[in-house]
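S.K.: pasted the sequence and its predicted model underneath.
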Amino acid sequence: MFREMRRNRQKMDAAACVCLLNNGTSGVLAVNGEDGYPYTIPLNYIYEDGKLYFHGAKSGHKIDAILKDAKVSFCVIGMEQNVPEKFTVHFKSVVVFGKAVIVENDTERRQAIRRLADRFSPDESNEKRDAEITREWKSLTVIRVDIEYMSGKQAIELVKEREG
């Protein structure tokens, strides 16, 4: 169903993909947009147990696209180092495919938004994070992507370094 990577030697194993997703903070969500055009949105996220979580407004292009077609893709670039003298870029990236779900369950929704707040505002007090969540609660939505397939790739130079 999903294509195998053409340059298999550069493929990252599942553990490296999960590590990159756990350490990343932003990526690009791709949805099937209007009139057959893809629509991509840069987002902050958290990864947990084979799922991605995002938050956003309750309406808009992203939500409309997800409600129309739940199939999505998400890309995270975990490393990007330009090496101009060699005309290359050393990189590591992960692309996931899955189905997006608007989280309706208040317990799951609150847990996800709390984890997002903990991650992106770690220096704020629990009280301040909880107050912000309560203030925004009615206007926010949480989207979960249940990952069906994940693929990671790294620059061939990184593979060669690892191989010695």
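M.R.: Everything's here; your move.
S.K.: helices and strands of the protein: which one bottoms out on pLDDT?
M.R.: Least confident helix or strand of the chain, by mean pLDDT, DSSP states H and E, is helix 156-163 with a mean of 74.
S.K.: on contacts alone, who are the packing partners of that one?
M.R.: strand 88-102 (3 or more Cβ pairs under 8 Å, 6 or more residues apart in numbering; DSSP states H and E). Where C-beta positions appear, they are placed from N, C-alpha and C, glycine not excepted.
S.K.: restrict the strand it packs on to CA atoms and write it as CSV.
M.R.: Taking Å, rounded to 0.1, in the frame of the first residue of the first chain, the C-alpha atoms of strand 88-102 are listed here in CSV:
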residue,chain,number,x,y,z
THR,A,88,24.9,18.9,-0.2
VAL,A,89,22.8,19.0,2.9
HIS,A,90,23.1,16.5,5.8
PHE,A,91,19.6,15.8,6.9
LYS,A,92,17.3,13.4,8.8
SER,A,93,13.5,13.5,8.2
VAL,A,94,10.5,11.4,8.9
VAL,A,95,7.3,11.2,6.9
VAL,A,96,4.2,9.7,8.4
PHE,A,97,0.9,8.7,6.8
GLY,A,98,-2.3,8.2,8.8
LYS,A,99,-5.8,9.2,9.5
ALA,A,100,-6.7,12.5,11.2
VAL,A,101,-9.4,12.5,13.8
ILE,A,102,-11.0,15.5,15.5
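S.K.: paired strands for it, with orientation please.
M.R.: Paired strands of strand 88-102, with direction, are strand 71-83 (antiparallel), strand 140-154 (antiparallel) (DSSP bridges).
S.K.: worst average pLDDT in those?
M.R.: Of all the strands paired with strand 88-102, strand 71-83 carries the lowest average pLDDT, namely a mean of 90.
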